[in-house]
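S.K.: Just need the structure, nothing else, for what follows:
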Amino acid sequence: MRERSRPRGRREGGGGGGRNAGGRPRRPARSGAGPRRRAAAAGWRKGQQTCDRGGNKTAQNLTKWLQRRDTKKTRSWEGRQNELEREITFQGDSAIYYSFYKELLKAPSFERGVYELTHNNKTVSLKTINAVQQMTLYPELIASVLYQASGSEEVIEPVYFYIGIVFGLQGIYVTALFVTSWVMSGTWLAGMLTVAWFIINRTDTTRIDYSIPSRENWALPYFACQVAALTGYLKKNLNCSAEKFCYLLVSASTYTFMMMWEYSHYLLFVQAVSLFLLDSFALAQSEKVHEVYKIYMFSLFLGYLLQFENSALLVSPLLSLVAALMLSKYLQMNVKKGTFMSRLLKIMYIYLVLTVTLTLNLLLKMFVPHKENEHLLKFLEIKLGLNTTKNFTMNWLLCQESLQAPSQDFFLRLTQSSLLPFYILVLIICLFSVTQVVFRRICGEPLKETVKLEDGRIGERPEIVYHVIHTILLGSLAMCLEGMKYLWTPYVCMLAAFGVCSPELWMTLFKWLRLKAVHPILLALILSMAVPTIIGFSLWKEFFPRIMTELSELQEFYDPDTVELMTWIKRQAPVAAVFAGSPQLMGVIKLCTGWMVSSLPLYNDDDLLKRNENIYQIYSKRSAEDIYKILTSYKANFLIIEDSICNEVGPVRGCRVKDLLDIANGHVVCEEGDSYAYSKYGRFCHEIKMNYSPYVNYFTRVYWNRSYFVYRINTVISFQS
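M.R.: Purely as a prediction, here's the structure:
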């Protein structure tokens, strides 16, 4: 891209585009650590302290590596960027999350801040929202309390403190994966290999580089802690104190995870299905599994109360499944053993649970008023080919990269790091071993109380069976939606590392091969140390130079056009003004200026989805009068046209915003196998720049630069020829 000198904002004229449809600018980045990277140091110091207390040396090394990665060239950044330039690094929904964190810190008291968020009428025009409930702002509530209670106002700026907490949680995330792999394999080598694969495949294991305030980055560390505790809880022959500790940790982390992410109950549903299958084949202690079900039930009940009676939790599949499982357990306990009815219940157990789950879920949806997440069901219908639609929002979601099937590049990256081949090997061995154990259970053979190394029966360990089922279910979802890879890939790292470092897995393989030339136990012990060591050295040789190259080429996010736009708004726009434009840009405006907007980049509310679709009509082929009526219906005073959306050249035709609008508005004509857009009106975002009637009657251009055109929406319409 040919670089151009930085222009000054103008009140007349035109210009070219500089932002893509997602709101991220296509500007040459300047050297220096980015604003996120500067704050990362404090966060990773917190993660390092956590690791120190746990004695986890590998997590300490990870912390030091990321700290070095994120604090490089800090001085050059500190001297150049002001608060506005830092804040524009938060894009889309990330900007909204951080803006509410800022509002909490500015409130005269915490109680007043919470009240203003739960009765918020200063963000979206003509709409009062409970932002805490609708956007799951519990992380921001906790961060603001910690910032003020710790006396950090004089020590660190709010943005650094906020991002530091998120990076600290990522340290806990990796530590939990380290511990899980160690508990399963019995060696710290597995933990080290898990961490190495996690770092090397960080593009596919975490979204921390793209969206720091996202709910997943706050929630998934707690889920990883829950999985680590559950792994220990399911182990056989666990002493009483360790079992109680694991139980308490599972309880606390499950509830915290549910409070941090609005979609957490779906992931817990997948976990509950894994435990249900584990219990159905009698591969774990039934009492322990049902104790976990009680934890789910308690967390759902407490979450419903503290999330302002969140009806989405009542109609969630997790509640229906857990209720069905507990009912089936009650029936089994109250039927005399050895009778025909008890045998019938055992045979029909899975069918009974599935039937009761579906029935209960349908009944709850009939009697419990709910609107949350209905668009997800519509999306799944269209994604699975059960329905078709011209709806703009649904088609826009289908075009998102995270909701597409994973690309070949994803599998290529996992293969190049040797993760995928070893994962498949470990999964096949464990799956065959589990299948053997299931057949033995069907034939009436009891499980051994203690599985010895020479037995070669890794499939009899309940925690291993759980992880095999869980990773298969998550993998199935990841094969459909690329965004699910952030849930699946970390556990791929953990399971693969456990397998190659576990003597039991190698012994299971040698039992099948019936080795006689070499003592199988000795060979299993040797391979469990030699294989991970060889993998570690090969990863170091291949990927360490690349990591060092990345460290030397760090660049920061910089967008002068957006900075100029925000500066103009703060200096020239009336305080009571309402801005209309793309939802992604509205999030940045709300954060950087505090002005009211007409839409937000949120997709869990039907009214906001409809608003977004209506505001996007500024890029459609509709008349000036239609657009004027839409904007004034939301009391908008200013309209912002983004040149990058108006002149977007997307890689996939039909997925550009203007293409989707043409389809939704019925402006697409098909002739002789080709399709094109036709309307008696030109595209509004193009026509308004021509400054001729009737557009100048409704809108007056007040500012422009290379990326944005700002128009005042006239309150008094003057029709001139």
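
S.K.: Next up, the contacts around the residue nearest to residue 218 when sequence neighbours are not counted.
M.R.: Nearest in space to residue 218, with sequence neighbours left out and distances taken as Cβ to Cβ, 6 or more residues apart in numbering, is residue 139 at 4.3 Å. For every residue, glycine as well, the C-beta is placed using N, CA and C. By Cβ atoms under 8 Å, 6 or more residues apart in numbering, the residues touching residue 139 are 97, 213, 215, 218, 260.

S.K.: closest to residue 497 among the residues you listed?
M.R.: Lowest distance from residue 497 to the contacts of residue 139 (Cβ to Cβ) belongs to residue 218, with 25.3 Å.

S.K.: other SSEs contacting the one helix or strand that closest one maps to?
M.R.: For residue 218, the host element (DSSP states H and E) is helix 215-234. Contacts defined by 3 or more Cβ pairs under 8 Å, 6 or more residues apart in numbering; DSSP states H and E place helix 215-234 against helix 158-185, helix 240-260, helix 264-280, helix 286-306, helix 462-480, helix 485-501.

S.K.: and among the ones you listed, the most buried is which?
M.R.: Ranked by mean neighbour count, the helices and strands packed on helix 215-234 are led by helix 485-501 with a mean of 26 (mean count of other Cβ atoms under 10 Å).

S.K.: all strands for the stretch 501-650 of the chain, in order.
M.R.: Remark: strands assigned in the stretch 501-650 of the chain by DSSP state E, counting those that start in this stretch are 555-556, 578-580, 596-597, 638-642.

S.K.: List the strands paired with the longest one, with their directions.
M.R.: Partners of strand 638-642 in the sheet, by DSSP bridges, are strand 578-580 (parallel), strand 708-713 (antiparallel).

S.K.: Can you tell me which of these is most buried?
M.R.: Comparing these by mean neighbour count (mean count of other Cβ under 10 Å), strand 578-580 ranks first with a mean of 23.

S.K.: longest helix of the protein?
M.R.: Assignment by DSSP state H gives helix 520-552 as the longest helix of the chain.

S.K.: So which bits of that helix are buried?
M.R.: Buried residues in helix 520-552, counting neighbours by 16 or more other Cβ atoms under 10 Å, are found at 520-521, 523-524, 527-528, 531-532, 535, 539, 543.

S.K.: check contacts around the residue nearest to residue 98 when sequence neighbours are not counted.
M.R.: Closest residue in space to residue 98, ignoring its immediate chain neighbours: residue 90 at 4.9 Å, by Cβ to Cβ, 6+ apart. The neighbours of residue 90, taking Cβ under 8 Å, 6+ apart as the test, are 97-98, 212-213, 587-588, 591.

S.K.: Also residue 88?
M.R.: When contacts are counted by Cβ under 8 Å, 6+ apart, residue 88 touches 557, 559, 562-563, 566, 588, 592.

S.K.: Cross the residues you listed against helices and list the overlap.
M.R.: If you go by DSSP H, the contacts of residue 88 have 562-563, 566, 588, 592 in helices.

S.K.: For residue 532, see how far away the residue nearest to the spatial centre of the chain is.
M.R.: Nearest to the centroid of the C-alpha atoms of the chain, with distances taken as Cα atoms, centre = their mean, sits residue 216, at 4.0 Å. Distance of residue 216 to residue 532, computed by Cβ to Cβ, to the nearest Å: 29 Å.
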